[in-house]
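*Asks:* Below are the sequence and a predicted model for it; my questions follow.
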Amino acid sequence: MTAVPDLARLSLPRGMRVRWRIFWLLFGFGLMAYVQQRSLAVAALRMMPDLGLTQMQIGWLETAFISGYAALQFPGGVIGQRLGARLTFTLVSSIALTATLLTPLAPLVLHAEALFIALLGLQLLLGIAQGPLFPLSGGVFETWFPPLQWPLVQGGQSAGLGLGAAVTPPLVAWLMYVLGWKQALVYSSLPLLVLIVIWARYGRDAPDQHPSVSRTELSELAAHAHARVDSSISWRRIGALLRNRETLLFALSYLCMNYTFYLISNWTFLYLAQERHLPVMQSGLLAAVPALGSALGAGAGGAIASVCMRRYGTRWGLRIVPLVGLPLGGILLLLATSAVSAYAAAVALALCFAAIELTEGSYWAAVMNVARSDAMAAGGILNTGGNGGGLVATPIVAYFSGHHAWNLPFLLGAGLAAVAALLWLIADPARQISAADP
């Protein structure tokens, strides 16, 4: 029998650091998480007539996912900090894959109200499983990368989310057209299984635990070893995080920003199909345009924030991108509603998505800098706020879109983008939590 190679000892190309291979694995987890999340919004077009669901019920399925996702952000970050990223990523991703694969199987044995309740439960489980992913990523990046690269890698992973969101509408629409919505959900999720196996064998919680990390790479990270995630997080430190002014303000700002994030990422396909009256395949292709904009924006914003942080310091280096990107995103959202053609609207939404996603690296680097060794738990607080934006957006958009009043959710998004920017002038990303903080 052929021996299975030890992935942790694979040789790297000359000059490549192990930390960048770790980054690409997390990039893959983020991409696949968004493929799983966004598949339902596309498959809904065929699920509704096939299963007898209404658009408001699809909205409640989205809300169930976001509820579980938001609820497990902070607890998931704390649990991940305790158990370590390697084990926690493997467990939660396996549960998420199971929930996704069971969704198309449920109609085979259940019908009517029982089926809807089961679908709600599966979406809730998917949200619970995916909740810890990005707080965990923050802790991995904190441990494996120096602080000046935190915005870069956080923006890079967010670019993976945008890429996943961009790939999903045309991919699922095509699979749904060729095979049906059930097969579309199954086949689009299977690459996650490969990723889970690779991570379980190759991933490590810290550089000094990895057999392929060289002495050179360890020396590069030695100056920042104090920033490593502390698995002994106490109730006192949890309380300090929950009371901390900066983490709460950033979470509130992230909530306001993510209203627009969820509006565009979850509803563009149906907006183009229903409000702009485009065919399914055209809607699927055009719905990918804003997601591509978000991927480019997140990657560029992380790189810009790292440069600004190096040049202007933490406080203003991390503020510059949100103070420009968020108001610009609000203006572009308003332009999308007044666009004459569906194509112009899709371009405006893409530019809006790019503008608000410029800020991802700044948000995550800010809470990482504030919390340091408790970055996973602090990231959970930030993303709880972010998913609060989804909890606000989903029922609002579902209700008004169901009544053919799409413009009102867009107007609200523009206002919340301005509020998100103002909160960056109040929160201070340079103020770290100390042992003396109440």
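*Replies:* Looks like it came in fine.

*Asks:* do you know how far the nearest residue to residue 183 once chain neighbours are set aside is from residue 285?
*Replies:* What sits nearest to residue 183 in space, not counting adjacent residues and going by C-beta to C-beta, 6 or more residues apart in numbering, is residue 175, at 6.3 Å. Where C-beta positions appear, they are placed from N, C-alpha and C, glycine not excepted. Residue 175 is 14 Å from residue 285, where distance means C-beta to C-beta, to the nearest Å.

*Asks:* picking that back up, the residue nearest to residue 183: how many residues sit nearby?
*Replies:* 21 (other C-beta atoms under 10 Å).

*Asks:* Which helix in this structure has the most residues?
*Replies:* In the chain, with assignment by DSSP state H, the single longest helix is helix 280-338.

*Asks:* Would you mind pulling up the elements that that helix packs against?
*Replies:* Applying 3 or more C-beta pairs under 8 Å, 6 or more residues apart in numbering; DSSP states H and E, one finds that helix 280-338 makes contact with helix 18-51, helix 150-178, helix 245-270, helix 342-357, helix 360-371, helix 407-424.

*Asks:* quick one: average pLDDT of the shortest one?
*Replies:* So the one you mean is helix 360-371. On average, the pLDDT along helix 360-371 is 91.

*Asks:* One more: the first one?
*Replies:* Average pLDDT, helix 18-51: 86.

*Asks:* how big is the angle separating that helix from helix 150-178?
*Replies:* 30 degrees (axes from the mean of the first three to the mean of the last three C-alpha atoms, to 10 degrees).

*Asks:* Just the buried positions in helix 18-51, please.
*Replies:* Of the residues in helix 18-51, 18-23, 25-47, 51 count as buried by neighbour count, 16 or more other C-beta atoms under 10 Å.

*Asks:* What strand or helix carries residue 211?
*Replies:* Under the criterion DSSP states H and E, no helix or strand holds residue 211.

*Asks:* just to revisit the earlier point, relative to residue 274, how far out is the residue nearest to residue 183?
*Replies:* For residue 175 relative to residue 274 (C-beta to C-beta), the value is 21 Å.

*Asks:* again with residue 428
*Replies:* Applying C-beta to C-beta to residue 428 and residue 274 gives a distance of 43 Å.

*Asks:* Which residue, other than its chain neighbours, is closest to residue 27?
*Replies:* Nearest one to residue 27, counting by C-beta to C-beta, 6+ apart, is residue 160 at 4.1 Å.

*Asks:* burial measure for the one you found, as a count.
*Replies:* 23.

*Asks:* Mind checking what secondary structure residue 104 has?
*Replies:* Recorded secondary structure, residue 104: coil (DSSP: H, G, I helix; E, B strand; the rest coil).

*Asks:* on that earlier part again, of the helices and strands packed on helix 280-338, flag the one that's most buried.
*Replies:* helix 360-371 (a mean of 30; mean count of other C-beta atoms under 10 Å).

*Asks:* what separates it from the chain centre, distance-wise?
*Replies:* For helix 360-371, the distance from its own C-alpha centre to the chain's C-alpha centre is 14 Å (C-alpha atoms, centre = their mean, to the nearest Å).

*Asks:* same thing with stretch 326-344?
*Replies:* With C-alpha atoms, centre = their mean, you get 23 Å for stretch 326-344.

*Asks:* Buried ones in that stretch, by neighbour count?
*Replies:* Here stretch 326-344 shows 326-330, 332-337, 342 as buried, counting by 16+ other C-beta under 10 Å.

*Asks:* need those residues in a markdown table with pLDDT, can you?
*Replies:* Converted to a markdown table, the buried residues of stretch 326-344 look like this (pLDDT from 0 to 100):
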| residue | pLDDT |
| --- | --- |
| 326 | 95 |
| 327 | 95 |
| 328 | 95 |
| 329 | 93 |
| 330 | 92 |
| 332 | 93 |
| 333 | 90 |
| 334 | 89 |
| 335 | 90 |
| 336 | 86 |
| 337 | 85 |
| 342 | 80 |
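
*Asks:* Distance to residue 115 added to these, as CSV?
*Replies:* As requested, those are exported to CSV (distance: C-beta to C-beta, whole Å):
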residue, distance to residue 115
326, 40
327, 44
328, 43
329, 38
330, 39
332, 39
333, 36
334, 39
335, 41
336, 35
337, 36
342, 33
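
*Asks:* shaky segments in the stretch 251-400 of the chain?
*Replies:* Flagging of the stretch 251-400 of the chain using pLDDT under 70 yields the residue ranges 277, 279-281, 284.

*Asks:* neighbours around the nearest residue to residue 359 once chain neighbours are set aside, how many?
*Replies:* Nearest non-adjacent residue to residue 359, counting by C-beta to C-beta, 6+ apart: residue 322, 4.4 Å away. For residue 322, the count of nearby residues is 30 (other C-beta under 10 Å).

*Asks:* From residue 255, how far out is residue 322?
*Replies:* For residue 322 relative to residue 255 (C-beta to C-beta), the value is 14 Å.

*Asks:* before we move on, what about residue 309?
*Replies:* 24 Å.

*Asks:* same check, this time on residue 141
*Replies:* The gap separating residue 141 from residue 255 is 22 Å, by C-beta to C-beta.

*Asks:* Point to the residue nearest the middle of the protein.
*Replies:* Within the chain, one residue has its C-alpha closest to the average C-alpha position: by C-alpha atoms, centre = their mean, that is residue 161, at 5.8 Å.

*Asks:* okay, that residue: pLDDT?
*Replies:* The predicted local confidence for residue 161 is 82.

*Asks:* Surely it is in contact with residue 292?
*Replies:* No: under the criterion of C-beta atoms under 8 Å, residue 161 is not in contact with residue 292, lying 11.9 Å apart.

*Asks:* give me every residue that touches the closest residue to residue 169 other than its chain neighbours.
*Replies:* Nearest residue to residue 169, sequence neighbours excluded (C-beta to C-beta, 6+ apart): residue 287, at 3.9 Å. Neighbouring residues of residue 287 by C-beta atoms under 8 Å, 6 or more residues apart in numbering: 42, 169-170, 268-269, 272, 346.

*Asks:* that older thread, thought the residue nearest to residue 27 was touching residue 28?
*Replies:* Yes: with contact defined as C-beta under 8 Å, residue 160 counts as touching residue 28 (7.1 Å).

*Asks:* Just give the closest residue to residue 376, not the sequence neighbours.
*Replies:* Excluding its sequence neighbours, the residue lying closest to residue 376 (C-beta to C-beta, 6+ apart) is residue 139, at 3.7 Å.

*Asks:* Identify each buried residue in the strand or helix carrying that neighbour, please.
*Replies:* Per DSSP H and E, residue 139 falls inside helix 133-144. For helix 133-144, the neighbour count (16+ other C-beta under 10 Å) marks 133-144 as buried.
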